[in-house]
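Novice: Prediction below, plus the sequence it came from.
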Amino acid sequence: MTALIRPTLLPMQQAAADWQVLPAFIPVAEMGVLAVNSFLLKGPEPVLVDTGLAALGDEVLDALAAEIDLEDLRWIWLSHTDADHIGNLPRILECAPNARVVTNFLGAGKMNVLGHDMTRVRVLEAGEALHLPDRALHPIRPPYYDAPETQGFVDSATRVLFAADAFGALLPEPVDTVDAVEDATLRDGLVAWSTIDAPWLQIADRDRLGATLGAVARLAPLAILSGHLPHAGHDPGKLVREVHAAWVAGPAHGIDPLAIETVTAALN
């Protein structure tokens, strides 16, 4: 495959059950590619999860309009307010006049600081689900994340888990599903990306992280949808096992030059 040199949007794909993924990939210098996904749930009250890269705005809007009438879009679930997740929010709200944004207290605060329209924001209270006519989306805090407002969910109708940035991985090239990635490549990519995106994992309590991953395993989701990984189709538990092996049972990491312990030792 030709090396990716710019953000690229791929065709809409079926992800799991009645969820679709709008997959995009961006090149990461000398490290491969990273998925940047949005997800779409059709139905009586369609839901868009995250809004994609602003650099792909026209393509994202065209892809959505090919799937649904944007006037029918009712909800935009924001995982968090990083640019790669809200890049097309103003444009989509303009084209989808009946849509409301779903976030939490801190997410709404950040949106306000960033100058977004707050009149169409639905703030979920802690523990409150988004109830749709045919299911509920129950908010969860993913096992790891890069922004404190991050909000994933479990779909009560399908047991699909949206994990936001968790389980993201740098990969050698774009692929349709995780099933196409060799185990060693996936584990290396998971570690590489989480080291960048959630560096605090290096000092996380391994027992607590293990317990959280265990809860994901017990949930036995039909699929794990990640903002930064092709969808995990046939074996979502594979992601849990790989992260557990890397961060809970794996070897200790090397010296972190930015750790306060490292800097203190150097100055003393």
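Specialist: Structure received.
Novice: For residue 91, which three-state class applies?
Specialist: helix (DSSP: H, G, I helix; E, B strand; the rest coil).
Novice: Can you verify my assumption that residue 82 contacts residue 146?
Specialist: Yes: Residue 82 sits in contact with residue 146 when judged by Cβ atoms under 8 Å, with a separation of 7.1 Å. Using the backbone N, CA and C atoms, a C-beta is placed for each residue, glycine as well.
Novice: so how many other residues sit close to the closest residue to residue 223 other than its chain neighbours?
Specialist: In space, residue 223 comes closest to residue 16 once its chain neighbours are excluded; the distance is 3.3 Å by Cβ to Cβ, 6 or more residues apart in numbering. By the criterion of other Cβ atoms under 10 Å, residue 16 has 22 neighbours.
Novice: roughly how far apart are the closest residue to residue 237 other than its chain neighbours and residue 155?
Specialist: Excluding the flanking residues, the one nearest residue 237 by Cβ to Cβ, 6+ apart is residue 217, at 6.1 Å. Applying Cβ to Cβ, to the nearest Å, the value for residue 217 to residue 155 is 18 Å.
Novice: Tell me which of those two has more neighbours.
Specialist: Using other Cβ under 10 Å, the more surrounded residue of residue 217 and residue 155 is residue 155, with 24 against 14.
Novice: how about that one, phi and psi?
Specialist: Backbone torsions of residue 155, given as degrees, to the nearest 10, read phi -80, psi 120.
Novice: Can you verify my assumption that it contacts residue 137?
Specialist: Yes: here residue 155 reaches residue 137: they are 5.9 Å apart, a contact under Cβ under 8 Å.
Novice: How are the strands of the stretch 101-250 of the chain distributed by residue range?
Specialist: 121-123, 130-132, 135-140, 152-155, 160-162, 170-171, 223-226, 229-232 (DSSP state E, counting those that start in this stretch).
Novice: Nearest to residue 86, out of these?
Specialist: Evaluated over these, closeness to residue 86 peaks at strand 121-123, with 12.1 Å, by Cβ to Cβ.
Novice: Much appreciated, bye for now.
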